[in-house]
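Trainee: here is my input, please return the structure:
(chains A, B, C, D, E and F)
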4 protein chains.
Amino acid sequence: MTGKDEVAGGARAQPRRQLRGQQRIELILHAAAAVFARDGYDSATTNAIAAEAGISPGSLYQFFKNKGDIAHALADHYAAQLTALRGEVFTIDSVFDASLPDLVDAVLGPLVAFNLAHPGFKAIFARTDMPVGLREAVAPIQVSIHQSVAQLLGLVLSDRQPDEVARVATVAIQLVRGMVPLITDATGTERDALTAELRSVLLGYLRQQLT
Amino acid sequence: MTGKDEVAGGARAQPRRQLRGQQRIELILHAAAAVFARDGYDSATTNAIAAEAGISPGSLYQFFKNKGDIAHALADHYAAQLTALRGEVFTIDSVFDASLPDLVDAVLGPLVAFNLAHPGFKAIFARTDMPVGLREAVAPIQVSIHQSVAQLLGLVLSDRQPDEVARVATVAIQLVRGMVPLITDATGTERDALTAELRSVLLGYLRQQLT
Amino acid sequence: MTGKDEVAGGARAQPRRQLRGQQRIELILHAAAAVFARDGYDSATTNAIAAEAGISPGSLYQFFKNKGDIAHALADHYAAQLTALRGEVFTIDSVFDASLPDLVDAVLGPLVAFNLAHPGFKAIFARTDMPVGLREAVAPIQVSIHQSVAQLLGLVLSDRQPDEVARVATVAIQLVRGMVPLITDATGTERDALTAELRSVLLGYLRQQLT
Amino acid sequence: MTGKDEVAGGARAQPRRQLRGQQRIELILHAAAAVFARDGYDSATTNAIAAEAGISPGSLYQFFKNKGDIAHALADHYAAQLTALRGEVFTIDSVFDASLPDLVDAVLGPLVAFNLAHPGFKAIFARTDMPVGLREAVAPIQVSIHQSVAQLLGLVLSDRQPDEVARVATVAIQLVRGMVPLITDATGTERDALTAELRSVLLGYLRQQLT
DNA sequence: CATGAATGAGGGTTCATTCAT
DNA sequence: GATGAATGAACCCTCATTCAT
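Mentor: Have a look, this model is predicted:
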């Protein structure tokens, strides 16, 4: 037992340190997200992230072993928040007998909102060609997201083979990944219109899966 | 008698030279496409492209003034081929009264084939966050593609406003951009299945635009 | 107790850091001067400067943004020292009613000594054709030197038009610029003899301006 | 006997070739002079010289083994013309009993005219810090020029030791070298004024040598 | 001999990462 | 732990020089 994620354990040992460290990590991740969003992952420099975080480059490497590791941690960070999102969707009363439009709306609304609130997210997730360091970092999270979506889709595609459901999940995710940058880059009514289109796309696609 | 440029013995400048130059350019573009596809645009180095082409770094710069210029030329190269593709689609007899499925098939088949044949294409086109040098290189082609698609969609969405057609075109392109990497990365039946899904996505989406 | 910055214990930011930085800058400038003197400005490489300074190439760029910037800083460095020299000359009691020979001696002695002590000086200043980066770097200092000399000459050529004084200053500077490399390249009695010749040149020239 | 500079030998063997070769060499030297004058020796590229000459880079190396060799040949070229100049000065009737001003004028006028007519001259001669390749190229000519000047000065400084005359020659040359760029860069009356100043400098200097 | 494409060593510069303080 | 100066490999690009045609 390494004592890493004890659930009920109060503050023991060096609470101050761990706390500061955790704060520091979040500070860095926040900065990294901002820089990734601003410059793109490849063009983002670790020095720029440190500067954005108001810390020294050396401190960055106290918590992360390299640039890819920052992306990895950031991916984990987002994964946790998405898991929370998933929890909310799944706790919707009607999820098990919801209509398809309701289901899509239930997922899409929070998802778009999430992307707008976290511009760093798409900077590391919504890419079609990932550099080596980044792919490894986000791969586990991709899987996790895929599982969530597949699970959700399993509810409405209950008569399909698991591999078929998996594929539909893959496709649905990819559609969203493709559209989200368009949506977040747009503003005002155009953004709303594009969001509506994405909804339409997903509905159109999934409806055909039901027949 | 090489039987190559013996047509009429006119006073054409340096056919041999220009020919070699053109061949060289295509050699480089081919190499660049391979390296972009393998490493991604950002990670691709000009030295790696030169090595892939079996030439020296300096030779690259006889034809291209920098890395972005190579991307630009490659984009033009693809644009020309896509224009040819478009020509074929538009010359289909039934294009003006084709059914939606036929139209989608007419476009999608060649498009997927094109992407499979040219793995470098998606490396420079199917990105959501482009570095500055790349964006400038591909922007004109993006516009050209969008126009072609919008023109095609205008045929089936003849009662819609131009800006709506434009948006549908944008969305359709983005859907394809998102799905293509998935398709080209897959193999065998999975690839076929994903291609079918993309077809389904587009059909589902466009059908809803018709109502 | 290092006995260096223990003056009053004020809240000065990072004296150690800044000190090291300042030392480093001077180390680099010293190395640059040596390399410029040895290889000439154009042939001098930033890597050679770094090697001469015993540091890594990257460290240069922590302090200077490019090669021209090093030349610029070196020019400023020399300018400051020349300003000090000028101060000494001007504080000579008899400057306002000095004889021409005394005045020339008062300037020339320190100037030659300065050039001997700083071989990098002539490498960036005593050139007739400057590359672009270098010209920009030294231009301000050229102007400053010219002003100083013109001011001094104005004392002995009080009845001449300003533009004439300016021209005499230009010529005098150019004569020194031309002769200094000769002097510094020579050794022993030959150097002394050449210095005496320069003195003779200036005296002969300026005397004619007085008549 | 290598048959290189046969004085009276008419055109034998391959007159056409040698002629063309000689023309080519002069073409290149002319171009090199222009490029050296425009860009400076260091920044001048052999490709730029070839382009200026309207020939291929490869042809350049048929006649010159490297960049320094071009400078060397150009220096020889100028040396020959200066020798002709010297011949004219020496054939002046009164050279042996001319007054100092007349002598200076006799030399300076043609010299300034020569520099104005051949802007490439100062680009390779009027430098205080020469890159390795250039120094070797111009050194022999420097010596030759020095000898001519010393010879001329020997006429007016007949009672001085040879080494003293040599030094005066060195200084006089250096004064001219320093001033010429100033003069050629200036235009109109300012150029005339600076030329007059140079005359004054030389006269002032040499007069003091006579006493 | 002329050509000009090809070469490749090397230059200036950047930046992920380390380490003395 | 924190710092930020230092590192140095590697990048893009240039250009003197060569060589197949």
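Trainee: C-alpha coordinates for stretch A:64-82, PDB please?
Mentor: What follows is stretch A:64-82 as a C-alpha-only set of coordinates in PDB (Å, rounded to 0.1, in the frame of the first residue of the first chain):
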ATOM      1  CA  PHE A  64       6.500  15.900 -14.900                       C
ATOM      2  CA  LYS A  65       9.200  13.900 -16.500                       C
ATOM      3  CA  ASN A  66       8.800  15.500 -19.900                       C
ATOM      4  CA  LYS A  67       6.500  17.400 -22.200                       C
ATOM      5  CA  GLY A  68       4.500  14.300 -23.100                       C
ATOM      6  CA  ASP A  69       4.000  13.600 -19.400                       C
ATOM      7  CA  ILE A  70       2.400  16.900 -19.000                       C
ATOM      8  CA  ALA A  71       0.000  16.100 -21.800                       C
ATOM      9  CA  HIS A  72      -0.600  12.800 -20.100                       C
ATOM     10  CA  ALA A  73      -1.500  14.400 -16.800                       C
ATOM     11  CA  LEU A  74      -3.600  16.900 -18.500                       C
ATOM     12  CA  ALA A  75      -5.400  14.100 -20.300                       C
ATOM     13  CA  ASP A  76      -6.000  12.400 -17.000                       C
ATOM     14  CA  HIS A  77      -7.200  15.600 -15.600                       C
ATOM     15  CA  TYR A  78      -9.700  16.000 -18.400                       C
ATOM     16  CA  ALA A  79     -10.600  12.300 -18.100                       C
ATOM     17  CA  ALA A  80     -11.600  12.700 -14.500                       C
ATOM     18  CA  GLN A  81     -13.800  15.600 -15.400                       C
ATOM     19  CA  LEU A  82     -15.400  13.800 -18.300                       C
END
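Trainee: how about stretch A:45-61 against DNA strand F, any contact?
Mentor: Yes. Using C-beta under 7 Å from any atom of the strand, stretch A:45-61 reaches DNA strand F at A:55, A:56, A:57, A:58, A:59, A:61. The way it works is simple: take the backbone N, C-alpha and C, and place the C-beta from them, glycine included.
Trainee: what about the last one, helix or strand, and which?
Mentor: It refers to residue A:61. Element membership for residue A:61 (DSSP states H and E) is helix A:57-63.
Trainee: swap in the first one?
Mentor: Following DSSP H and E, one finds residue A:55 outside all helices and strands.
Trainee: need phi/psi at it.
Mentor: Torsion angles at residue A:55 (phi, psi; degrees, to the nearest 10) stand at phi -120, psi 180.
Trainee: can you pull the pLDDT of it?
Mentor: For residue A:55, the pLDDT comes out at 95.
Trainee: OK, contacts around the residue of chain A at minimum distance from chain B?
Mentor: Across chain A, the shortest distance to chain B (C-beta to the nearest C-beta) belongs to residue A:178, at 2.4 Å. Residue A:178 sits next to A:126, B:128, B:174, B:175, B:177, B:178, B:179 when contact means C-beta atoms under 8 Å, 6 or more residues apart in numbering or on different chains.
Trainee: 7 Å - rerun?
Mentor: Contact partners of residue A:178, counting by C-beta atoms under 7 Å, 6 or more residues apart in numbering or on different chains, are B:174, B:175, B:177, B:178.
Trainee: spatially nearest residue to the third one (excluding sequence neighbours)?
Mentor: Computed as C-beta to C-beta, 6 or more residues apart in numbering or on different chains, the closest residue to residue B:177 that is not its neighbour in sequence is residue B:126, at 4.7 Å.
Trainee: for the first one, same thing?
Mentor: With C-beta to C-beta, 6+ apart as the measure, residue A:178 is the residue that lies nearest to residue B:174, at 4.9 Å, once sequence neighbours are left out.
Trainee: identify each buried residue in the helix or strand where the one you found lies, please.
Mentor: Assessed by DSSP H and E, residue A:178 sits inside helix A:162-185. Across helix A:162-185, burial judged by 16 or more other C-beta atoms under 10 Å in any protein chain shown covers A:165-184.
Trainee: pLDDT on the very next helix or strand once past that helix, on average?
Mentor: The C-terminal neighbour of helix A:162-185 among helices and strands, as given by DSSP H and E, is helix A:188-210. Averaging pLDDT along helix A:188-210 gives 95.
Trainee: contact partners for the residue in chain A that chain C sits nearest to?
Mentor: Nearest residue of chain A to chain C: residue A:47, at 11.3 Å (C-beta to the nearest C-beta). Neighbouring residues of residue A:47 by C-beta under 7 Å, 6+ apart: residue A:57.
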